[in-house]
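A.B. asks: Sequence plus predicted model, see below.
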Amino acid sequence: MPGAAITIGPAVVGSMIAGYLFGCSTMQTYTYYKRFPGDRRVFQILVAAVMMLTFAHIICIMYWTWTLTVTGCENPDGVTIFSSSRDANIVLTPLISTLVQMFFIYRLFKFSGSKMLAAFCGIFSMLTLTGTLVDAAKALDIPTNRTGKNALNWLTILTLVAATVCDLVITIGLVYFLQRERRRTIFDQIHNIAVRITLWVIETGLATSMSTILVIVLFCATRNTFLWTAVYNVLADVYTNSLLAALNSRETTCRRDTRVIEVSTGCDKSLNPISEKSEGVN
């Protein structure tokens, strides 16, 4: 059984970071509904669903940390990562990540027009969700006096790798098609907008993929110490903030460019606008 120092420590650090990111996502949600009251209903529902799941996620983390730091003081030798709240969080995290990934997959499809590429990313996203749910079901069957070892290490790693591949393909694909659109136009304004959107794509895409890669590395290297939980605890919040940042970033482009035409998406109903000064350009 791992000691309290390498179980409680990561839990507290992860909970603190997750709480901070949840505050950021709450502010971003307020900003989204205030700035985009007429946005597509499906996006409004998506934001509401993701935030409800994230709220449940942060409650599970807080309760889990409480059991480790307060209740665990009565029996320090019995401190363990496994609990009902932890098992619930294992289910909530892939649900949040899958919803966010579906949003970015839709965005990739709108930019690329490739159903095959969108289907490829969708398969990896669903593989992540299905594999994690199976792993969580196996965890629920393990008795209360669990050991530090994961019963399905290979499945855990597989789901994390699938999530990373999905995020990286989406990021690389969006950057490629944005740059292709930029090269096709002769207007400097389009170039500037494409550059800004590309930077947003890289920032949000790398945030999720690098977080998942870090979880994989820590899980493989220190799976029996549970240091990887500090990063896994904040994974859902990283996905939530990436979604809200992508939606709210449209405000900057809309302010700078008032005459907007829809190349791949529009400013008021879509994901990312590409603007031009000339109304006759398609």
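C.D. replies: Good, I have the coordinates.
A.B. asks: Give me the below-cutoff pLDDT ranges for this protein.
C.D. replies: Residue ranges of the chain with pLDDT under 70: 1-7, 71-87, 139-152, 181-201, 203, 224-226, 251-282.
A.B. asks: the helices in it, which residues?
C.D. replies: Taking DSSP state H, the helices of the chain run over residues 5-35, 41-69, 84-112, 115-141, 153-184, 188-222, 229-248, 250-256.
A.B. asks: Tell me which of the ones you listed is the most buried.
C.D. replies: Mean neighbour counts were compared across the helices of the chain using mean count of other Cβ atoms under 10 Å; the top stretch is helix 229-248, at a mean of 24. Bear in mind the C-beta positions are built from the backbone N, C-alpha and C, glycine included.
A.B. asks: so residue 248 makes contact with residue 32?
C.D. replies: Yes - applying Cβ atoms under 8 Å, one finds residue 248 in contact with residue 32, separated by 5.5 Å.
A.B. asks: who's in contact with residue 89?
C.D. replies: Contacts for residue 89 (Cβ atoms under 8 Å, 6 or more residues apart in numbering) come out as 57, 60, 61, 64, 233, 236.
A.B. asks: Need those residues in JSON lines (columns: distance to residue 108).
C.D. replies: JSON lines is the format used below for the contacts of residue 89 (distance: Cβ to Cβ, whole Å):
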{"residue": "57", "distance to residue 108": "25"}
{"residue": "60", "distance to residue 108": "31"}
{"residue": "61", "distance to residue 108": "30"}
{"residue": "64", "distance to residue 108": "34"}
{"residue": "233", "distance to residue 108": "28"}
{"residue": "236", "distance to residue 108": "21"}
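A.B. asks: Find the pair from the residues you listed with maximum spatial separation.
C.D. replies: Farthest pair in those (Cβ to Cβ) is 64 and 236. Separation: 13.4 Å.
A.B. asks: how about residue 228, phi and psi?
C.D. replies: phi -70, psi -20 (degrees, to the nearest 10).
A.B. asks: and stretch 23-34, C-alpha only, in CSV?
C.D. replies: Extracted as CSV, the C-alpha positions of stretch 23-34 are listed here (Å, rounded to 0.1, in the frame of the first residue of the first chain):
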residue,chain,number,x,y,z
GLY,A,23,-13.2,28.9,-11.5
CYS,A,24,-11.7,29.8,-14.9
SER,A,25,-14.3,27.7,-16.7
THR,A,26,-17.1,29.3,-14.6
MET,A,27,-16.0,32.8,-15.7
GLN,A,28,-15.7,31.7,-19.3
THR,A,29,-19.2,30.2,-19.2
TYR,A,30,-20.6,33.5,-17.9
THR,A,31,-18.7,35.3,-20.7
TYR,A,32,-20.0,32.9,-23.3
TYR,A,33,-23.7,33.2,-22.5
LYS,A,34,-23.3,37.0,-22.1
